[in-house]
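Visitor: build me a model:
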Amino acid sequence: MTELFDALLLARLQFAFVISFHIVFPAFSIGLASYLAVLEGLWLVTGREVWLNVFRYWLKIFAIVFGMGVVSGVVMSYQIGTNWGPFADRTGPVLGPLLGYEVLTAFFLEAGFLGVMLFGMNRVGRGLHFFATLMVAIGTLISAFWILSANSWMQTPQGHAIAANGQFVPVDWWAVIFNPSFPWRLVHMVLAAYLTTALVVGAVGAWHLLRDRGNEAARVMFSMAMWMAALVAPVQAVVGDFHGLNTLAHQPAKIAAIEGHFETGRGVPLILFGWPDMAAETTRWAVEVPKLGSLILTHEWDGEIRGLKEWPPADRPNAAIVFWSFRIMVGMGVLMVALGVWSLVCRATGALYRARWLHRFAVAMGPAGFVAVLAGWITTEVGRQPWTVYGLMRTSESVSPVAAPAVATSLAAFAIVYFAVFGAGVFYLLRLMRKAPVAGEPPPEPVLVDAAAGRPALAGGTAGRLSIEGDRP
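Guide: Presented below is the predicted three-dimensional model:
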């Protein structure tokens, strides 16, 4: 039993490690693909060269991010096969087709147009190139649709029956795909991807404005990014509220853990800060706002909120983790709203390109989207524990009978390779971003090599036989 527990813990750590690396790249590429489509469309409509310059600047970065998303996604299928065999066997009839639909729609769409988008600017007509860019952008969104549908079914399963052999068998595909949490989860993730991209673009634009206030391309980047932060960050907060109400209805134990409530009650306070003690079944050193917890979660001053004591200890998620991961995510969201509001004030006063402290704040906020995405993912997935299929299949039932030393060895190997490969990749991306955008910048020229490529588990990648080597900065 001890060895099984150790293997289970290591398998969970390995999955968390790999997907934490992977998820940041698709989150960036989803938003960046749409941003590139907007830039190219504006260039075609206005004919202004600055739009084309910004497009070419971010196209090179997109190519690297896309490739890193592909490579980081290869390991996901490996892990499912080695560490989570029982889970794959029982959920295969439902999740297998969903992932297959993603291949038939998004994957083939991206595969068909990615090369034209990256290297076809001077080889095909403007209309066809713009169409290719649109198809890649749409492909990333379609991929997100299917992957989030699969993940949401694991969170709020419906539309299935359980066969005699224990497998989940679909009986209503419409109910499987459009399960109760899917719409809010999809909108929340896509908006998060757009905000993540906007913050990176805004940080790069602000960095170059601090060095050259007259750089037209940097002004375009910064202005567009600030519009996105000002308009979308508040919308994301509203979507998050609806998503929270949906979670309260379908996963109340997760909400209890997020809020740090162990006792059921009415008119419960909002615990701003504290430390949930799972053993003592209380939140220590709580800083509270009376009744605000019920108001936010039920929209009623005296709404009832169930506490974690309503569930057996074995069915409770780790409150200490999700309590703080949720607050990190919300904290990043508050800072995004503040950045957007500050930019609106500066824009209204004509100081958008002269407000150096705003530019410094925007540079500091560059990684905030990635932090929020990771914190949100931790909240979602740790809050689902101890279930892989919520309420139906436990994580302990999902793990393969692999010895703990074998899992530990592969985890160590992943850590070494990931930090080396992706550390180098991120360093190269930062070098590209550090270079100031200039007029007439040429598009990237590829050196093609034979390389076996996989595809990521979430939107942002396609498989192919070509990779970019030595992309010109």
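Visitor: could you pull out the strands for the chain?
Guide: Taking DSSP state E, the strands of the chain run over residues 160-162, 168-170, 265-266, 270-277, 282-289, 304-305, 387-389, 393-394, 448-450, 466-468.
Visitor: so which of these is the most packed in?
Guide: strand 387-389 (a mean of 22; mean count of other C-beta atoms under 10 Å). In short, each C-beta sits where N, CA and C put it, glycine included.
Visitor: what distance separates it from the centre of its chain?
Guide: 20 Å (C-alpha atoms, centre = their mean, to the nearest Å).
Visitor: elements contacting that strand?
Guide: When contacts are defined as 3 or more C-beta pairs under 8 Å, 6 or more residues apart in numbering; DSSP states H and E, strand 387-389 packs onto helix 85-102, strand 393-394, helix 395-398.
Visitor: what mean pLDDT does the first one get?
Guide: Taken as a whole, helix 85-102 has a mean pLDDT of 90.
Visitor: number the chain from 141, please
Guide: Okay, using 141 as the starting number, the last item reads as helix 225-242.
Visitor: list the contacts for Asp146?
Guide: Taking C-beta atoms under 8 Å, 6 or more residues apart in numbering, we find Asp146 in contact with Ala544.
Visitor: for it, give its distance to Ser540.
Guide: For Asp146, the distance to Ser540 (C-beta to C-beta, to the nearest Å) stands at 14 Å.
Visitor: and if you look at Val164?
Guide: According to C-beta to C-beta, Val164 and Ser540 sit 27 Å apart.
Visitor: have a look at the two and say which one is more surrounded.
Guide: Val164 (25 against 20; other C-beta atoms under 10 Å).
Visitor: turn the strands of the chain into TSV, including distance to Phe155 and mean pLDDT.
Guide: Listed next are the strands of the chain as TSV, based on distance: least, C-beta to C-beta, whole Å; pLDDT from 0 to 100:
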stretch	distance to Phe155	mean pLDDT
strand 300-302	23	91
strand 308-310	20	93
strand 405-406	36	86
strand 410-417	24	89
strand 422-429	28	87
strand 444-445	31	86
strand 527-529	11	92
strand 533-534	15	92
strand 588-590	30	39
strand 606-608	26	29
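Visitor: of those strands, which is nearest Leu153?
Guide: With C-beta to C-beta as the measure, strand 527-529 is the member of the strands of the chain nearest Leu153 (15.4 Å).
Visitor: the closest one pairs with which strands, and in what direction?
Guide: Strand 527-529 pairs in its sheet with strand 533-534 (antiparallel), by DSSP bridges.
Visitor: isn't Ile395 right up against His383?
Guide: No: the criterion here is C-beta atoms under 8 Å, and Ile395 misses it with His383 at 10.9 Å.
Visitor: so which of the two has more stuff around it?
Guide: Using other C-beta under 10 Å, the more surrounded residue of Ile395 and His383 is Ile395, with 23 against 19.
Visitor: now the nearest residue to that one once chain neighbours are set aside: how far from Thr438?
Guide: Leaving aside its chain neighbours, Ile395 sits nearest to Leu388 (4.8 Å; criterion: C-beta to C-beta, 6 or more residues apart in numbering). Distance, Leu388 to Thr438, using C-beta to C-beta: 8 Å.
Visitor: again with Asn355
Guide: Distance from Asn355 to Thr438, by C-beta to C-beta: 50 Å.
Visitor: quick one, which of the two is more surrounded?
Guide: Set Asn355 next to Thr438 and count neighbours by other C-beta under 10 Å: Asn355 wins out with 20 against 17.
Visitor: for the more buried one, give its distance to Ala373.
Guide: 25 Å.
Visitor: same check on Gln219?
Guide: For Gln219, the distance to Ala373 (C-beta to C-beta) stands at 34 Å.
Visitor: so which of the two has more stuff around it?
Guide: Legend: neighbour count by other C-beta under 10 Å for Gln219 and Ala373, higher for Ala373 (23 against 20).
Visitor: how close does the residue nearest to the more buried one when sequence neighbours are not counted get to Ile287?
Guide: Leaving aside its chain neighbours, Ala373 sits nearest to Met476 (4.1 Å; criterion: C-beta to C-beta, 6+ apart). According to C-beta to C-beta, Met476 stands 24 Å off from Ile287.
Visitor: so Phe195 sits against Tyr175, correct?
Guide: No: if you go by C-beta under 8 Å, Phe195 and Tyr175 don't touch, sitting 9.0 Å apart.
Visitor: excluding its backbone neighbours, what's nearest Leu432?
Guide: Closest to Leu432 by C-beta to C-beta, 6+ apart is Leu410, at 3.7 Å.
Visitor: got a list of what that neighbour touches?
Guide: 399, 428-429, 432-433, 436 are the contacts of Leu410 under C-beta under 8 Å, 6+ apart.
Visitor: run a quick neighbour tally on the closest residue to His348 other than its chain neighbours.
Guide: Of all residues not flanking His348 in the chain, Ala358 sits nearest, at 3.8 Å (C-beta to C-beta, 6+ apart). Applying other C-beta under 10 Å, we find 25 residues neighbouring Ala358.
Visitor: look up how far Val214 lies from Ala358.
Guide: Ala358 is 35 Å from Val214, by C-beta to C-beta.
Visitor: near His390, how many other residues are there?
Guide: Per other C-beta under 10 Å, the neighbour tally for His390 reads 18.
Visitor: for it, what are its contacts?
Guide: 295-296, 320-321, 530.
Visitor: one more: Val557?
Guide: Contacts of Val557 (C-beta under 8 Å, 6+ apart): none.
Visitor: and it, what's its pLDDT?
Guide: As predicted, Val557 sits at a pLDDT of 85.
Visitor: quick one: low-confidence parts of the chain?
Guide: In the predicted model, the chain carries pLDDT under 70 at residues 141-145, 579-613.
Visitor: residue with max distance from the center of it?
Guide: What lies farthest from the middle of the chain is Ala304; by C-alpha atoms, centre = their mean that is 36.2 Å.
Visitor: and it, backbone torsions?
Guide: phi -60, psi -30 (degrees, to the nearest 10).
Visitor: Lys575 now?
Guide: Dihedral pair for Lys575: phi -70, psi 130, per degrees, to the nearest 10.
Visitor: Leu479 is in contact with Val372, isn't it?
Guide: No: using C-beta under 8 Å, Leu479 is not in contact with Val372; the gap is 11.5 Å.
Visitor: who has more neighbours, those two?
Guide: Taking other C-beta under 10 Å, Leu479 and Val372 do not tie; Leu479 has more neighbours (24 against 19).
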